[in-house]
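>>> only the shape, not the letters, is given here:
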DNA sequence: GGGAGAGACGTTTTT
DNA sequence: CGTCTCTCCC
């Protein structure tokens, strides 16, 4: 992709008419950095984007806003709670609402509406009606709606300028896109030449409704396209390539069975498989291995630790911190885990935009059981009848000019909120607001404070951001940093993350911890039909395949490429149950564990496991 | 309507 | 283990 973009730029194609789409922001930044480093004229004007950020940008345009009638204000995960409570009364409880919502997003991701004979179940239809009313009233959008909204806009407006904006579109990781995403690409490419890159054997996003068949269908729909196979594995040591080939060969349902071709000059690499008596031993063993490597001169940034659950990754992180090895953990959007962080973040949103109805809904509900759903229902009904905003209605109740039953708790919260917002408004600048909302030394807001300070510093360096824009620019950058955390590929720290997050990265030393049956592969969902379970198992195998092929051999630089797979015989039963790990046996608070079946499937090229 | 307490149930991965 | 649901009671 990088070379193709470089060639287009050299031929004088305008950077703005080239769209390189990548799956994650990491990959987008990687591409951008590499193009700049290649010193191609025009590379500066080129922005690699994720499909998601492109969609947000297009939906924000005035003429698009008018056409869709929807506000692209995505809901954070934590902001879904009051939505769920507001809908649970009419739709059979929280679990039912979550299921309905999941089905709604899945239908859009798969574009089920376009399938001939598709009929919407009446219960789903009423739910969708109520959901959309909630979202319209609160001027917001589900994250899962962002791409479908753009899809609808593009499909219904064949003359839209957006459909002819690009001359060249390049898409990475095509197998990880769902139908809606693939269709958006197709609609954007009316006047463009398209190049897609993907690998069936790395499709690991079925829970996001990825549509890997799209690659083969694309070749049929675009007859005459060049189809180039890339079978040489330039990254991995030869022994790892043999193991990966043996592993993936166990997948029966492969449309195009194919083997990676090892590059002999990469050398065999260094592969170890280690079993420990307990999770504690495994954690310490991994930490000691890393400490030994760092002491012998391996840069910490060369080491990548993959673990599919926080209960395994986090203790390794802490063990490394204790050994004073620079390390970063990339589990979930941790900045907003703590209630105090959510509260402060919601206040910031409301401070910057008093019309942010979602933030207001959240803040007035937070103290109540079920988010004061009953009282809020009355506030909203009154808004809809009178045409007033929620803020105005709450002001009237607070002033005693209006009385609605069951709104006592809401009004108490509203009065507190008004006082706090007034106090924040009186502060001289953003830096003091950040200081007040995320105070120094408060554990719950430590991460979001750091993120905010970094963004403030970054904005100070730039010119041309002034006046009223500062606040909203700050908020949108903070929001983006929380939603899509940076995972830089060049870094000074040991990186610890899930296997999904490791996609697109590579490292001279890769360690996969917790290779146990019941976690990797996870326990199949036995309520599903057998065929479905088989598909799940194959995806788990692809996940492990992605993991082991992160190892990078650079024998000339003294880095042979090291892969270490570890697992343990036992772990505390509570940790296992809490993390959804199905133990082989359980007794006296201890879960007995077995080695992942994938270890044996690595075949004869894999070394014998050793005891650690 | 909403609080307290008992029992059932699901647990992850990402934009 | 934490969250959700159900029941009982005010």
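Yep, that arrived. This is a predicted model, so every value here is computed, not measured.

>>> buried residues, the helix or strand residue A:8 falls within. List them.
Element membership for residue A:8 (DSSP states H and E) is helix A:2-10. Neighbour-count burial for helix A:2-10 flags A:2, A:5, A:6, A:8, A:9 (criterion: 16 or more other CB atoms under 10 Å). (Each C-beta comes from the backbone N, C-alpha and C, glycine too.)

>>> what's whichever helix or strand comes after that helix packed up against?
Downstream of helix A:2-10, the next assigned helix or strand under DSSP H and E is strand A:18-22. Packing partners of strand A:18-22 (3 or more CB pairs under 8 Å, 6 or more residues apart in numbering; DSSP states H and E): helix A:2-10, helix A:25-37, strand A:49-50, helix A:51-60, strand A:168-171.

>>> if we use 6 Å, what do you get?
strand A:168-171 (3 or more CB pairs under 6 Å, 6 or more residues apart in numbering; DSSP states H and E).

>>> buried stuff in the strand it packs on?
A:168, A:169, A:170, A:171.

>>> repeat for stretch A:523-542
A:524, A:535, A:536, A:537, A:538, A:539, A:540, A:541, A:542.

>>> quick one, domains of chain A?
A:2-62+A:149-230, A:75-140, A:238-332+A:489-611, A:336-483 (automatic domain parsing).

>>> tell me if the last one is near DNA strand C.
Okay, so that is domain A:336-483. No. With CB under 7 Å from any atom of the strand as the criterion, DNA strand C is not reached by domain A:336-483; the gap is at least 8.5 Å.

>>> what's the spacing between that domain and its chain's center?
Remark: domain A:336-483 is offset 24 Å from the chain centroid, using CA atoms, centre = their mean, to the nearest Å.

>>> touching DNA strand B at all, it?
Yes. Interface with DNA strand B: domain A:336-483 contributes A:368, A:369, A:370, A:372, A:373, A:374, A:375, A:406, A:409, A:483 (CB under 7 Å from any atom of the strand).

>>> quick one: residues contacting the third one.
Counting by CB atoms under 6 Å, 6 or more residues apart in numbering, residue A:370 makes contact with residue A:85.

>>> swap in 10 Å and give it another go.
Residue A:370 makes contact with A:81, A:82, A:84, A:85, A:86, A:88, A:89, A:94, A:376 under the criterion CB atoms under 10 Å, 6 or more residues apart in numbering.

>>> spell out the secondary structure type for it.
Put simply, residue A:370 is helix when judged by DSSP: H, G, I helix; E, B strand; the rest coil.

>>> quick check: closest non-adjacent residue to residue A:52.
residue A:146 (6.2 Å; CB to CB, 6 or more residues apart in numbering).

>>> you'd agree that neighbour is in a helix?
Yes. Assigned with three-state DSSP, residue A:146 falls within a helix.

>>> which stretches of chain A have low pLDDT?
A:24-27, A:29-30, A:47-48, A:331-335, A:463-468, A:484-490, A:578, A:583, A:586-589 (pLDDT under 70).

>>> coming back round to it: and of the buried residues of helix A:2-10, the nearest to residue A:340?
residue A:2 (43.1 Å; CB to CB).

>>> next, work out how far apart that closest one and residue A:197 are.
11 Å (CB to CB, to the nearest Å).

>>> same question for residue A:593.
From residue A:593 to residue A:197 the distance is 38 Å (CB to CB).

>>> and what of residue A:314?
34 Å.

>>> report the contact partners of residue A:417.
Counting by CB under 10 Å, 6+ apart, residue A:417 makes contact with A:346, A:347, A:350, A:359, A:360, A:363, A:364, A:366, A:394.

>>> after the helix or strand hosting it comes which helix or strand?
With elements taken from DSSP H and E, the one containing residue A:417 is helix A:408-425. Once the chain leaves helix A:408-425, the next helix or strand it forms, by DSSP H and E, is helix A:430-437.

>>> go ahead and name everything in contact with that next one.
Looking at what lies outside helix A:430-437 - CB under 10 Å, 6+ apart - the contacts are A:340-341, A:343-345, A:347-348, A:351-352, A:420, A:423-427, A:429, A:445, A:448-449, A:451-453, A:455-457, A:459-460, A:470-471, A:473-475, A:478.

>>> what does stretch A:391-411 give?
A:350, A:354-357, A:360-361, A:363-365, A:367-369, A:371-383, A:386, A:388-390, A:412-415, A:417-418.

>>> quote the end-to-end distance of it.
Distance between the two ends of stretch A:391-411: 11 Å, counting by CA to CA, to the nearest Å.

>>> list the buried residues for that stretch?
Going by 16+ other CB under 10 Å, stretch A:391-411 has these buried residues: A:391, A:393-398, A:402, A:404, A:407, A:409-411.

>>> again with stretch A:341-355
A:341-353.

>>> quick one: residue A:45 from residue A:13, how far?
Distance from residue A:45 to residue A:13, by CB to CB: 11 Å.

>>> ok, these two, which is more surrounded?
Neighbours were counted for residue A:45 and for residue A:13 using other CB atoms under 10 Å; residue A:13 has more, 15 against 11.

>>> thought that one was touching residue A:7?
Yes. The pair residue A:13 and residue A:7 qualifies as a contact (CB atoms under 10 Å) at a distance of 9.1 Å.

>>> follow-up on the earlier one: more neighbours: which of residue A:593 and residue A:197?
residue A:593 (26 against 16).

>>> quick check: bridge partners of the nearest residue to the more buried one once chain neighbours are set aside?
Once flanking residues are discounted, residue A:593 sits nearest to residue A:516: 4.5 Å by CB to CB, 6+ apart. Beta-bridge pairing of residue A:516 under DSSP bridges involves residue A:595.

>>> distance of residue A:516 from residue A:306?
14 Å.

>>> who touches both of those two?
By CB under 10 Å, 6+ apart, the residues touching both residue A:516 and residue A:306 are residue A:312.

>>> how about the stretch 151-300 of chain A: which residue is closest to DNA strand C?
Going by CB to the nearest atom of the strand, DNA strand C is nearest to residue A:279 of the stretch 151-300 of chain A, at 14.5 Å.

>>> with adjacent residues omitted, what lies nearest to that residue?
residue A:571 (3.8 Å).

>>> let me know the secondary structure of that neighbour.
Put simply, residue A:571 is strand when judged by three-state DSSP.

>>> farthest-separated two in the residues of domain A:336-483 next to DNA strand B?
A:406 and A:483 (34.5 Å).

>>> just send the buried residues of stretch A:341-355 back as JSON lines, with distance to residue A:510 too.
Output for these, formatted as JSON lines (distance: CB to CB, whole Å):
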{"residue": "A:341", "distance to residue A:510": "32"}
{"residue": "A:342", "distance to residue A:510": "35"}
{"residue": "A:343", "distance to residue A:510": "39"}
{"residue": "A:344", "distance to residue A:510": "37"}
{"residue": "A:345", "distance to residue A:510": "35"}
{"residue": "A:346", "distance to residue A:510": "39"}
{"residue": "A:347", "distance to residue A:510": "42"}
{"residue": "A:348", "distance to residue A:510": "38"}
{"residue": "A:349", "distance to residue A:510": "39"}
{"residue": "A:350", "distance to residue A:510": "44"}
{"residue": "A:351", "distance to residue A:510": "44"}
{"residue": "A:352", "distance to residue A:510": "42"}
{"residue": "A:353", "distance to residue A:510": "44"}
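
>>> no further questions, thank you.
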